[in-house]
Structure formats: structure tokens, C-alpha cells
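Visitor: Sequence first, predicted coordinates after that:
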Amino acid sequence: MLIAGFPAGAWGTNCYVVAPAAGEECVIIDPGHQATRGVEETLKKHRLKPAAVVLTHGHIDHVASVVPVCGAHDVPAWIHPRDRYMLSDPEKALGRSIGMPLMGELTIGEPDDLKELSDGAKLELAGMEFSVAHAPGHTKGSVTFRMPEAGDVPPVLFSGDLLFAGSIGRTDLPGGDMDEMLDSLGRVCLPLDDSTVVLPGHNEHTTIGRERATNPYLRQVAAGLGANPDTAPRRGI
């Protein structure tokens, strides 16, 4: 298994390139703001050929490069239908008025081949299996992608902006909802094995075991308690 990740753009959003091995087909996860160069450098370094792009949610910092990446390699992109509108209307997703400057010039819109994700789907891409879990809370169409254990490689969760090391994604943007976030944490994250490696949309990687023991949100969900909106930190974009 080859997983190469790098932070991209003004928001430092993690973009991941996943392949069975160097020299094979790959899947690109969340090519966000100014991610195109990093994607191309990663493909060249590992001699990879893209098979698809998959998106954890529709915020511009996670999808800004989807059109040029898909166009350059003639591959489809996948997104949950409830976040599809954000590809063509990113300012609405951030609670901004149309026409206000948004990080300079961006290529917005849908790629030529756009497919929709559904909860519980299993995507067979580039010889790998990705299990999709709908996980609203940060946005209405947020999803995670889970890869099963393979030999000596532990299971992996690409958590988007659902779960971070020590925190969770913010819920104060349009489509965000703390109750949905807590439900998603309990339904999607808590049942996973402690060995599951969490590769989030921002900041460093972690494990489910570490977050189960230390993350204040996951601890409160596990205890059947809700997070206090007055004191809870807001992380993510």
C-alpha cells in the first residue's frame, strides 16, 4: 500500500494519493486549493496513473482543484449528492455573498464525469476497496472513506473534516450541525478498531485508539454526553 499525503493551499488541506504500490493506478482524495502541483509531483515521483478522484465533502479547500485534476487525467470524481452544489457555488457553502473575492481566481464547477456517493457504498477503484460512510455534521454531504486491513497494513480511515487529532470539524458554517456531528462520530468512528489509522483533512494523522482515549468529543459521545457548544473548540475549515 502506498499513501502519499501533503498539505495544500491557504488552508493547509491534506490531499492524499493512494495506490496498491508504486507504478500502478491510484485514487486522489480531496485535491483542494492549489493542490494540482502537489498531485502532479506525487504522480511523477511514484509513477502513478489516476483512476478516480473522491471527495470527503464539498468545501472549496477540499475541491478547488478537482476540475483541473480530473480534466488533465480524464477521470471521474465522486461526491455525496448533498454537497454537489458546492462545486458550482462555493461561496454559498461558506455563507458568503456571490461576487465577493474568494482566494483569487479558482476553477469552479463540476468535472465532466461526476458520480454520486451513497452511505454504505463500496467503491472498487484502482484495485482497492473504499467503504463509504455518510457522516454529516461539518456539511450535510460529508463522508468518510475506510480501507480494510491488508496484511501488515492496519485499516485506514480518511476522515475528512469529521475527526481530527484532538478535535473535530467546525459546525458553524452553512450545513453544519453539532447534533449531526456527534451522531456521526458515534456511528462512524466509535465502532472502528483502535488500530485504525485516521488520515484527516487537516493537521497530523492519528489513530482511533488515541482519539478514543484523548479526544474530548469522542469521549463525550462514548459516555452518552453531548458537547458543550459554549466551551467546545472549533477546528477545521
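Guide: Cool, got the structure.
Visitor: Can you tell me the SS state at P174?
Guide: Three-state call for P174 (DSSP: H, G, I helix; E, B strand; the rest coil): coil.
Visitor: how about it, phi and psi?
Guide: phi -50, psi 130 (degrees, to the nearest 10).
Visitor: residues near S159, how many?
Guide: 30 (other C-beta atoms under 10 Å). Heads up, the C-betas are built off the backbone N, CA and C, glycines and all.
Visitor: Show me what the helix or strand where it lies pairs with in its sheet, parallel or antiparallel.
Guide: Here S159, judged by DSSP states H and E, is contained in strand 156-160. Strand 156-160 pairs in its sheet with strand 143-147 (antiparallel), strand 197-200 (parallel), by DSSP bridges.
Visitor: Can you pull out the low-pLDDT segments for this structure?
Guide: By pLDDT under 70, the low-scoring segments of the chain are 91-107, 225-237.
Visitor: in this structure, which spans are helices?
Guide: With helices called from DSSP state H, the chain shows them at 36-46, 60-63, 66-73, 90-93, 178-184, 208-214, 216-222.
Visitor: And stretch 193-210, what's buried?
Guide: 196-202, 205-208 (16 or more other C-beta atoms under 10 Å).
Visitor: before we move on, what about stretch 163-172?
Guide: Result for stretch 163-172 [16+ other C-beta under 10 Å]: buried residues 163-171.
Visitor: Among these, list the two that are farthest apart in space.
Guide: A165 and T171 (17.9 Å; C-beta to C-beta).
Visitor: if we can go back for a sec, output the helices of the chain as TSV; include the columns distance to R82.
Guide: Output for the helices of the chain, formatted as TSV (distance: least, C-beta to C-beta, whole Å):
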stretch	distance to R82
helix 36-46	26
helix 60-63	14
helix 66-73	17
helix 90-93	11
helix 178-184	11
helix 208-214	25
helix 216-222	22
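Visitor: so of these, which one's packed in deepest?
Guide: When the helices of the chain are scored by mean count of other C-beta atoms under 10 Å, the highest mean neighbour count falls to helix 60-63 (a mean of 28).
Visitor: before we move on, back to that, how far does the strand holding S159 sit from its chain's centre?
Guide: Distance, stretch centre to chain centre, for strand 156-160: 7 Å (C-alpha atoms, centre = their mean, to the nearest Å).
Visitor: any residues touching that strand, and which ones?
Guide: 3, 16, 29-30, 56-57, 62, 135, 138, 142-147, 163, 169, 189, 192, 196-201, 208 (C-beta atoms under 8 Å, 6 or more residues apart in numbering).
Visitor: how about the strands in the protein?
Guide: With strands called from DSSP state E, the chain shows them at 2-8, 13-19, 25-29, 49-54, 77-79, 114-116, 122-125, 128-134, 143-147, 156-160, 163-164, 167-168, 197-200, 206-207.
Visitor: Can you lay out these as CSV showing distance to V66?
Guide: What follows is the strands of the chain, written out as CSV (distance: least, C-beta to C-beta, whole Å):
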stretch, distance to V66
strand 2-8, 12
strand 13-19, 11
strand 25-29, 9
strand 49-54, 6
strand 77-79, 5
strand 114-116, 9
strand 122-125, 15
strand 128-134, 17
strand 143-147, 15
strand 156-160, 14
strand 163-164, 22
strand 167-168, 24
strand 197-200, 18
strand 206-207, 26
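Visitor: so which of these gets nearest S88?
Guide: strand 114-116 (10.5 Å).
Visitor: In the sheet, which strands lie alongside the closest one, parallel or antiparallel?
Guide: Counting by DSSP bridges, the strands paired with strand 114-116 are strand 77-79 (parallel).
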